[in-house]
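Undergrad: Whatever this is, show me its structure:
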Amino acid sequence: MTVIGLDDTDSRELGMCTTYVASRLAGDVAAAGGTVRRTLLIRLNPAVEHKTRGNAALAVHTDLPADHARTLAADRLDLAVDDPETNPGVAVADCEPEAVPPAVADFSRAAVRDYHEPADARALAREHGIDTLERGTGRGVVGALAAVGAYRAFGEWTHETIAYRERERWGTERDVDRDSVFAAAEGAYPTVWDTVDRVEGTAVCVPRTPCPVLYGIRGETPEATRRVARAIDSEPVARTHTFLTNQGTDAHLRPARASQIENGRAYRVDGTVVDGPGTVEGGHVFLTVRDDADLRCAAFEPTKRFRDRVRALRAGDRVTVCGEVADGTLKLEKFAVRDLTTTERVTPDCPDCGRSMESAGRGQGYRCRDCGTSADGKAERTVGRDLEEGWYEVPPVARRHIAKPLVRSGFDAPTHPER
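TA: You can find the predicted model right below:
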């Protein structure tokens, strides 16, 4: 077997999509007499500064000889856009995907949670006899090598079926029937998820960038994603391709203490709310969670109704917060309520007249001047809460590709999924 990895053929401004390049490469392999066992779509660290929106790397697993596969991959780099910020890379390993060297699998795991330099990728590839090809600065060799090791590195997988547009339509407004998307999504939920956002009324599966993608359907099985894709009415589809992917798995999150966090990584931290939440100009919501240090957390305006869930937290609540860190702030993707504060300390009421007592002075408790009654300190009052214990998440319109939606299994508490 041969594993072909590729990355960085697209552009933030000019579009293109590395999934499209991989799909065309898979077609080239089949046309050359090879068999494509699978095509991987790997979402790498979503916090990398120079990434395009999804930060995807691709791998094609085939029985074609490695030298032939490399030639086909090199030819397909002609699809990369002409942008100085686009620096494609290819890596070709002559082995079974499961037999990729452990160090390369470790490299793949780190590429999802951390940072790599191209020089590190080149050195590791040379050490293990993995052939590489670069254009420009060769930054794409990092993702290409990560894609080569991904099948051995990860154990949880989902699927995505992507429909591509006819070439002459790229960059124009997409013609996709919204009602058919919502109907198809409703019939396949929860096996297929994040196709639409029902509250916002948005077809999440349809991108707004000038790329070749018409729509992408994500779910638990390839059969289900293909079935939903076929049910959508749209402009002509040039081709479709189904990928095995780490999307929707939370592979980017690592458990940590608050004192350990670094910018440009994503974490899962347990703590207690100590300040906030408060809303600032622009509709962003901030709060502070205390673990072994204070951790500032934020739910930004694009997370929409999720901010109401965050606003419902209060000091004393025990939570688990998850998200990417930038400028020392954790940008919330989801959180779990572990324990809710259900009482608060308030100024006591007079037992005779029912009015609120006044302070009798520092350390002297409270008193009612009219009735002469007194109390040693504040009273405890039960408060109602708009939250329950369990997990809450951003809506589909705000979800990271790699973030795990609550409709999937494997969470350690009750879930409150967004649809």
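
Undergrad: residue contacts, Arg318?
TA: 270-273, 337-339 (C-beta atoms under 8 Å, 6 or more residues apart in numbering). Bear in mind the C-beta positions are built from the backbone N, C-alpha and C, glycine included.

Undergrad: Helices of this structure, start to end?
TA: Remark: helices assigned in the chain by DSSP state H are 18-31, 66-76, 102-113, 118-127, 140-153, 178-188, 222-231, 306-311.

Undergrad: So for Gly89, which of the ones you listed sits nearest?
TA: helix 140-153 (3.1 Å; C-beta to C-beta).

Undergrad: coming back round to it: can you flag the buried ones in the contacts of Arg318?
TA: Among these, those classed as buried by 16 or more other C-beta atoms under 10 Å are 270-273, 337-338.

Undergrad: residues in contact with Asn45?
TA: By C-beta under 8 Å, 6+ apart, the contact set of Asn45 is 51, 55, 111-115, 252, 264-266.

Undergrad: would TSV of those residues with pLDDT be doable?
TA: Shown next, in TSV, are the contacts of Asn45 (pLDDT from 0 to 100):
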residue	pLDDT
Lys51	55
Asn55	86
Ala111	95
Val112	96
Arg113	95
Asp114	94
Tyr115	90
His252	96
Gly264	93
Arg265	95
Ala266	96
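
Undergrad: Could you provide these in CSV, with additional columns for neighbour count and distance to Gly27?
TA: Formatted as CSV, these follow (neighbours: other C-beta atoms under 10 Å; distance: C-beta to C-beta, whole Å):
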residue, neighbour count, distance to Gly27
Lys51, 16, 26
Asn55, 24, 24
Ala111, 26, 26
Val112, 25, 28
Arg113, 16, 32
Asp114, 17, 33
Tyr115, 16, 33
His252, 27, 30
Gly264, 14, 36
Arg265, 20, 36
Ala266, 26, 34
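
Undergrad: Near Ser23, how many other residues are there?
TA: 23 (other C-beta atoms under 10 Å).

Undergrad: Now it: closest residue in space, sequence neighbours ignored.
TA: Nearest non-adjacent residue to Ser23, counting by C-beta to C-beta, 6 or more residues apart in numbering: His241, 4.0 Å away.

Undergrad: okay but that neighbour is in contact with Pro212, surely?
TA: No - taking contacts as C-beta atoms under 8 Å, His241 lies outside contact range of Pro212: 11.0 Å.

Undergrad: neighbour-wise, which of the two wins?
TA: Each of His241 and Pro212 has its neighbours counted (other C-beta under 10 Å); Pro212 has more, 27 against 19.
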